[in-house]
Each structure stands twice: as structure tokens, then as C-alpha cells.
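Novice: Sequence unavailable; structure follows:
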């Protein structure tokens, strides 16, 4: 809401830093669980989006909107669709925390992987655009766009397994045997280091803005977890929807994909390989299992916050309860590897 931000101070900053900006301005906070509060800014002549760190004392590695701004700014002019970066402000006195302003991109966001309300042809086009977008991201020359130092070198999967294991253990409320087995299995069967690329870190359908009327992506959003890492882990995190039932967590398993116009998992992976110059993806199921494990750890964190009374979402308890069933699905996949 507008009362969360000093609009007079913000307007003065925008007038100096944002090309073409002219007030008056009103601010409306976007609904949802963003860890970095996000607002739409409307003026008589244009609309913008402001993304900020939450006010108050923060963990040093959390809410790094500066990194989000840096990666999207670097990707301007590439085949990756990103909003225009219009200004970064690290002066805490303007609105109380670091923020950046970007262009507003009109569009649609879908949570349901089955894309209700679309024709089969439209669904096929959306999935092809989603595939092309992540392939384009993973094909960016990190040195050429100035992101060669954007992440730590080496041992990406080992660090990811360690990170999500720690987060799961910190939020463990009940024993989930499948999670314990997955932690051991992931460590034992980790694939060798492969290519390194920019990874989004949270690539999924609902972080992709679709054109208002056309079945294509116009902006990839929410770069908070972006870094340099294993592109296959990044790709598998959104492609695991083919293994998850819609009732479990926004998946496609058990659906008539041909009738929906959605490609099979094998075809979708093959299209990505063709776009990124790979003959195939080695250890594919390993990466799918890791993606499910990571999502289960996130859901367990939601369960813990629900019990503690600090969850932001009204359906936190329901979401958190899915950690165990999802871990069971992941373990079933692991046993087939």
C-alpha cells in the first residue's frame, strides 16, 4: 500500500533517476508471498514496478535485490525476456531500504501447469516459449555480459544439497523417512560437474509473464536465487511437473498431455537439448529427484512457519503437509535410477 512508502521522497528520486518519469504517482503492493515486497507505480504517463528489500534488520545473504537488478540489467539485449531496468537505489534514506525500479510489463501469470482456458495449440506454444526462454538463459555467455563473477566456482550440486539439507533440518517438525533416504542418496550419486551457466534458481511457470493475449513469454521474473551453476538442475526444477500429480503440487502426471496440447517430458527435454547443443542429458532422473527434494524442503519450511504462526499464506498448513508425499514420489524415482 502507498502508506508503506514515502511517495514524496520516492517521486523526487524517480524524477532524477528514471528516464521520462513525471508524477504524481500512486503505489499498489502486489499480492503474494514475495520475500522482496513488490509494488506497481502508476503515473499519468506510465507504469513502473518497484522491488525492495524488506525494511529492518536482514540476514547478510538474504533479499539481495541488488543481484536481481544486476542480472536483469546484464541480460537486457539478449534473447532472455526481462523488464527494462530503470534505476537502482542503495540509499536507505529514500524509502528505508535498497530498491530498484523497472518497467512494467503487462501480461498474464498462470499457476496451473495445465493452463486452463487455453486451446491445445496455445498450450503447446506456451510450453515451447517456456522451453526457449530457459534455453536462451543457459546459452548466455556469462563473461560477455559481465557476470563471470556472479557465483562461486565449482561444487555447485554439493553446495545445493548441503544448503537444502540444512534448511530442511532447521524446519523439521516430524520425521519424514523418505527425506532422510533422499539426503543420503543425493550425496552418494551426485553427477560430475558439467557446464556452468547463469541459473535462475526458481524457474517455473508462475515466474514467467505471458503476453496479455498471445501464448508466449514476455518477461522472466523473480531472480532472487539466480547465480552461476548447473543448468540441468535449473531446467529440471521446472520440468519435474511431468512427474508430479496436479493434486500434489501443480503438476501434470496422469494428465492426457496429447489432448491438452502439452508435449511429453521426453519431447520437452529433447527440445531443450537441441536448443542448447546437447546430444542428451546425462543423469536426468537424478536432477528430477533433486528438484523434488528441494521443493519438499521448501514445503517443510512452510509447514514449520505454519506451526510457528509466522506463515504468510493462508493455505500454509495445507502446502506444508505435502512435503512428505512429495518426498515419497522423489524416492520412488530415485529407486528407479
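Specialist: Sure, I can see it. Just so it is clear, the model here is predicted, and its values are computed rather than measured.

Novice: Run through who's touching stretch 229-236.
Specialist: 134, 137-138, 151, 156-157, 160, 193-197, 199-201, 203, 272, 276, 281, 283-284, 287-288, 290-291 (Cβ atoms under 8 Å, 6 or more residues apart in numbering). Yep, even glycine has a C-beta here, placed from its N, CA and C like the rest.

Novice: among the residues you listed, which ones are buried?
Specialist: The neighbour count (16 or more other Cβ atoms under 10 Å) marks 134, 137-138, 151, 156-157, 160, 194, 196-197, 199-201, 203, 272, 276, 281, 283-284, 287-288, 290-291 as buried among these.

Novice: Out of those, which sit inside helices?
Specialist: With helices taken from DSSP state H, the overlap with the buried ones among the contacts of stretch 229-236 comprises 134, 137-138, 156-157, 160, 272, 276, 284, 287-288, 290-291.

Novice: Report how many residues lie close to residue 174.
Specialist: Close neighbours of residue 174, defined as other Cβ atoms under 10 Å, add up to 8.

Novice: what's near enough to touch the residue nearest to it when sequence neighbours are not counted?
Specialist: The shortest distance from residue 174 to any non-neighbouring residue, by Cβ to Cβ, 6 or more residues apart in numbering, is to residue 324 (7.7 Å). Residues counted as contacts of residue 324 (Cβ under 8 Å, 6+ apart) are 174, 176, 178, 179, 296.

Novice: that older thread, what's the closest of the ones in helices among the buried ones among the contacts of stretch 229-236 to residue 94?
Specialist: residue 137 (31.2 Å; Cβ to Cβ).

Novice: Roughly how far does that closest one sit from residue 145?
Specialist: Using Cβ to Cβ, to the nearest Å, residue 137 is found at 11 Å from residue 145.

Novice: Identify the contacts common to the two.
Specialist: Residues touching both residue 137 and residue 145 by Cβ under 8 Å, 6+ apart: residue 75.

Novice: so what's the residue sitting nearest the centre point of the chain closest to, chain neighbours aside?
Specialist: The structure's the chain has its C-alpha centroid closest to residue 202; by Cα atoms, centre = their mean the separation is 2.4 Å. Excluding its sequence neighbours, the residue lying closest to residue 202 (Cβ to Cβ, 6+ apart) is residue 225, at 5.0 Å.

Novice: can you confirm that neighbour is in a helix?
Specialist: No: assigned with DSSP: H, G, I helix; E, B strand; the rest coil, residue 225 falls outside any helix and is coil.
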